[in-house]
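A.B. asks: okay, predicted coordinates and the sequence, questions at the end:
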Amino acid sequence: MSTITEKLQILQNYSACDVSDALLKLQKNPEGTTPRAGHLADFIPFSPTTDRTKLPKLIAPASTFKFIPKSSPDANPSDPSHSFPPGTHWVDSAEPGTITVIEQPEGQHCAVLGGVMAVRMKYLGVMGALVNGRIRDLGEIRECRLPVWARGTSTVGTAAEAKPGLRNVPVSLGGVDVSPGDIIFCDPVDGVVAIPHELLDRVLELMPKLVAMDDKVKEAVLQGSSVFEAFKTFRTKI
């Protein structure tokens with residue numbers, strides 16, 4: 001059986017759209033809800049550059065941090081793996097080999113990731129950061145070469161509005177839940193998608209079949225077929 005490293009390498013051969021096509025078929029959505037197919041909308045690459053043509057795909061398991069409003073009571077989880085060890089900063093708990101996924105309370109204007117945090121993550125071996133909120137100190141973040149995707153920027157430090165609440169817990173990114181160990185797929189061309197860890201093997205099994213069907217459709221259209229007829233001929237139910 002392939003290792004997780006081998007599986008992530010296989011994913012490099014596909015696009016975020018390919019992943020979402022597979023998830024659209026595999027995920028069961030509650031009645032009346034819109035399928036999201038893992039798409040994490042409106043994330044922008046800020047580091048090491050905003051030029052998407054110069055960025056590689058970033059694919060790694062998620063480790064998670066949930067920030068809370070500064071005015072909220074401190075979280076006091078019964079499981080110590082969800083809290084922060086005494087005498088440490090939250091970023092000291094960042095996990096090597098993962099993409100740090102940060103949930104920031106909606107509507108805040110401060111940043112939850114800055115230059116010092118990015119430098120610490122880089123030192124610890126973090127693969128990158130995905131921030132459902134704002135970042136700052138772009139010059140410092142880019143200088144340390146940590147890949148960072150976020151929704152926006154700020155000049156204001158975290159302590160103005162937010163504080164770390166929990167780690168290693170499910171987080172919500174624009175209405176899509178991400179759990180520790182889920183695979184984050186940052187595609188500089190097509191966007192960001194999250195693969196639930198329990199669906200990774202099924203996604204890897206299904207994607208080649210879907211891509212092969214679409215390749216046949218494209219070839220038929222290039223030869224003059226209508227899209228309707230090409231879909232009818234080559235898009236079979238899986």
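C.D. replies: Great, that's in hand.

A.B. asks: spatially nearest residue to the residue nearest the centre of the chain (excluding sequence neighbours)?
C.D. replies: Central residue of the chain (C-alpha atoms, centre = their mean): residue 184, 3.8 Å from the mean position. Of all residues not flanking residue 184 in the chain, residue 99 sits nearest, at 4.4 Å (C-beta to C-beta, 6 or more residues apart in numbering). C-beta coordinates here come from the backbone N, C-alpha and C atoms, glycine included.

A.B. asks: coming back round to it: state whether the residue nearest to the centre of the chain is indeed within a helix.
C.D. replies: No: under DSSP: H, G, I helix; E, B strand; the rest coil, residue 184 sits outside any helix and is assigned strand.

A.B. asks: surely it meets residue 60?
C.D. replies: Yes: applying C-beta atoms under 8 Å as the test, residue 184 and residue 60 come out as touching, 6.3 Å apart.

A.B. asks: what segments of this protein are helices?
C.D. replies: Along the chain, counting by DSSP state H, helices occupy 4-11, 16-26, 115-124, 138-144, 200-222, 227-234.

A.B. asks: okay, the angle between the fifth one and helix 227-234?
C.D. replies: In this case it means helix 200-222. Taking axes from the mean of the first three to the mean of the last three C-alpha atoms, to 10 degrees, helix 200-222 and helix 227-234 form an angle of 130 degrees between their directions.

A.B. asks: can you name the residues in contact with helix 200-222?
C.D. replies: Helix 200-222 is contacted by residues 7, 10-11, 14, 18-19, 21-23, 25-26, 183, 195, 227, 229-231, 233-236, 238 when judged by C-beta atoms under 8 Å, 6 or more residues apart in numbering.

A.B. asks: if we go to 7 Å?
C.D. replies: 7, 10, 14, 18-19, 21-23, 25-26, 183, 195, 227, 230-231, 233-236, 238 (C-beta atoms under 7 Å, 6 or more residues apart in numbering).

A.B. asks: same question for the third one.
C.D. replies: Contacts of helix 115-124 from elsewhere in the structure, counted by C-beta under 7 Å, 6+ apart, are 91, 94, 96, 100, 129, 137, 140, 141, 144, 145, 146, 148.

A.B. asks: quick check on these: which are buried?
C.D. replies: Neighbour-count burial (16 or more other C-beta atoms under 10 Å) applied to these gives 91, 94, 100, 129, 137, 140, 141, 144, 146, 148.

A.B. asks: any chance of JSON lines for the residues you listed, columns distance to residue 168 and pLDDT?
C.D. replies: Formatted as JSON lines, the buried ones among the contacts of helix 115-124 follow (distance: C-beta to C-beta, whole Å; pLDDT from 0 to 100):
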{"residue": "91", "distance to residue 168": "14", "pLDDT": "98"}
{"residue": "94", "distance to residue 168": "11", "pLDDT": "98"}
{"residue": "100", "distance to residue 168": "11", "pLDDT": "99"}
{"residue": "129", "distance to residue 168": "16", "pLDDT": "98"}
{"residue": "137", "distance to residue 168": "26", "pLDDT": "98"}
{"residue": "140", "distance to residue 168": "27", "pLDDT": "98"}
{"residue": "141", "distance to residue 168": "24", "pLDDT": "98"}
{"residue": "144", "distance to residue 168": "24", "pLDDT": "98"}
{"residue": "146", "distance to residue 168": "20", "pLDDT": "98"}
{"residue": "148", "distance to residue 168": "20", "pLDDT": "98"}
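
A.B. asks: nearest to residue 179 among the residues you listed?
C.D. replies: residue 100 (14.1 Å; C-beta to C-beta).

A.B. asks: having no further points to raise, I will conclude here.
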